[in-house]
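1. Would you be able to build a 3D model of this:
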Amino acid sequence: MRRPWLLLAFLATASGLAWLWLDPADLRLRIDPRSREVALIIPEETIGRRTATAVLQSLPELAGPEQRVTLRDQLARPSVSSAQRVTVGFIPGQPAEFVLDTPDISEGGKVMPGLARVQLRGVPHGYLLVHADPASGLLETAARRRWLGRALVEAGAQAETATIAVGESDDGAFLVATIAFAYRTGEEAEAALQRLAGKQGDYESLGFAARPGTDRITRRTKLLVIRLDIETDLVLQALRRR
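-> Predicted coordinates for the structure are as follows:
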């Protein structure tokens, strides 16, 4: 049985094409701008989702070891499920900032790129959005916890930021996630795509990532967007072992 961190990924071409024509406003959240990672949770979308509890209880891995129990307790509060949204900011060396029903603000705060909105809408029943700036800390945790395979971690190594959107298929059979790596240049983004394709070594399994034109989309957007569809049972088995 294949483990989720070994599953092959494919480029979400449809999302990439849409992003060429959309310019959504940035998300400016009332969270300390020093946050290296920020998570946005949509509690309404977690209802009935098989993966939501396990995934959200994995979020504290982005915090320091001494802060994780407190954050897990906060995420398990009944008030979370009734909130319109929950925002968590991760500042290295400090307790995570946990805010219920935080509205967007016009100035200050932590900024998520507007394309993150599109990314969250692009996964079915999207309930979690994580943005990392810089990407390095998130990738380090993902590699240590084996959330992502080595090929994906290496593909994002040169990225400036990383944004992950998580949802679930209508029937609950699959966790669906997209990872968007943003690079300084289109050339860096295209090179990361080629490295990923070469590492996988199976162009048929790569699906969209092997199709003509993918490299041009990546170059123009400076984004490498990867979609993962992982069997829910495998996700739960992996996260429960953590």
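
2. going forward, measure contacts and count neighbours with C-alpha atoms only.
-> Noted.

3. Have a look at this structure and report its longest helix.
-> Ranked by number of residues, the top helix in the chain under DSSP state H is helix 186-200.

4. tell me the mean pLDDT for that helix?
-> Per-residue pLDDT over helix 186-200 has a mean of 80.

5. Mind giving me the packing neighbours of that helix?
-> For helix 186-200, the packing partners by 3 or more C-alpha pairs under 8 Å, 6 or more residues apart in numbering; DSSP states H and E come out as helix 150-155, helix 214-221, strand 223-231.

6. buried stuff in the first one?
-> Neighbour counts over helix 150-155 (16 or more other C-alpha atoms under 10 Å) mark 150-155 as buried.

7. Pick out whichever of those sits closest to V69.
-> Set against V69, the nearest of these by C-alpha to C-alpha is V153 (26.7 Å).

8. my read: that closest one touches T141, true?
-> No: using C-alpha atoms under 8 Å, V153 is not in contact with T141; the gap is 10.1 Å.

9. rewinding a little: buried residues in the longest helix of the chain?
-> Buried residues in helix 186-200 (16+ other C-alpha under 10 Å): 186-193, 195-197, 200.

10. what about it, distance to the chain center?
-> In terms of C-alpha atoms, centre = their mean, to the nearest Å, the centre of helix 186-200 is set 19 Å apart from its chain centre.

11. in the sheet, who's paired with the residue nearest the centre of the chain?
-> With distances taken as C-alpha atoms, centre = their mean, I164 lies nearest the centre of the chain, 1.2 Å away. On the basis of DSSP bridges, I164 is bridged to V130, I179.

12. so what's it up against?
-> Listed by C-alpha atoms under 8 Å, 6 or more residues apart in numbering, the contact set of I164 reads 128-131, 177-180.

13. returning to what we had before: can you list the buried residues of helix 186-200 in TSV and add distance to P95?
-> Listed next are these as TSV, based on distance: C-alpha to C-alpha, whole Å:
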residue	distance to P95
G186	36
E187	38
E188	34
A189	34
E190	37
A191	37
A192	34
L193	36
R195	37
L196	35
A197	39
Q200	38
